[in-house]
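[1] can't give you the sequence, but here's the structure:
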């Protein structure tokens, strides 16, 4: 299974994108760790469990947390 998520993000330099990609990497790692620790195999269930946490922790618009 291949999952692809695309987001439009306008930027002027590599320095502007790096923090966003680092945060995204942190979010993905947190998802994987949580899923493995709690034996969650469903992306929808994982989204439901972590949605509010990510919204508060990272402060992105809610559609980016998904």
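    Yep, it's here. Nothing here was measured: the structure is a model prediction, and the numbers come from that model. Numbers count the residues shown, from 1 in each chain.

[2] Secondary structure element holding the residue most central in space within the chain?
    In the chain, the C-alpha nearest the mean C-alpha coordinate belongs to residue 27, at 4.2 Å (Cα atoms, centre = their mean). Using DSSP states H and E, residue 27 sits in helix 14-37.

[3] same question, residue 5
    If you go by DSSP H and E, residue 5 is not part of any helix or strand.

[4] Now do residue 15 against residue 41, distance only.
    Per Cβ to Cβ, to the nearest Å, residue 15 is found 38 Å from residue 41. C-beta here means a position set from N, CA and C on the backbone, and glycine is covered the same way.

[5] for the helix or strand harbouring residue 54, packing partners?
    Taking DSSP H and E as the criterion, residue 54 maps to helix 43-58. In terms of contacts (3 or more Cβ pairs under 8 Å, 6 or more residues apart in numbering; DSSP states H and E), helix 43-58 is packed against helix 14-37, helix 62-65.

[6] let's see 6 Å
    For helix 43-58, the packing partners by 3 or more Cβ pairs under 6 Å, 6 or more residues apart in numbering; DSSP states H and E come out as helix 62-65.

[7] Show me which parts of the helix holding residue 54 are buried, residue by residue.
    For helix 43-58, the neighbour count (16 or more other Cβ atoms under 10 Å) marks 46, 50, 54 as buried.

[8] and the angle for it with helix 14-37?
    130 degrees (axes from the mean of the first three to the mean of the last three Cα atoms, to 10 degrees).
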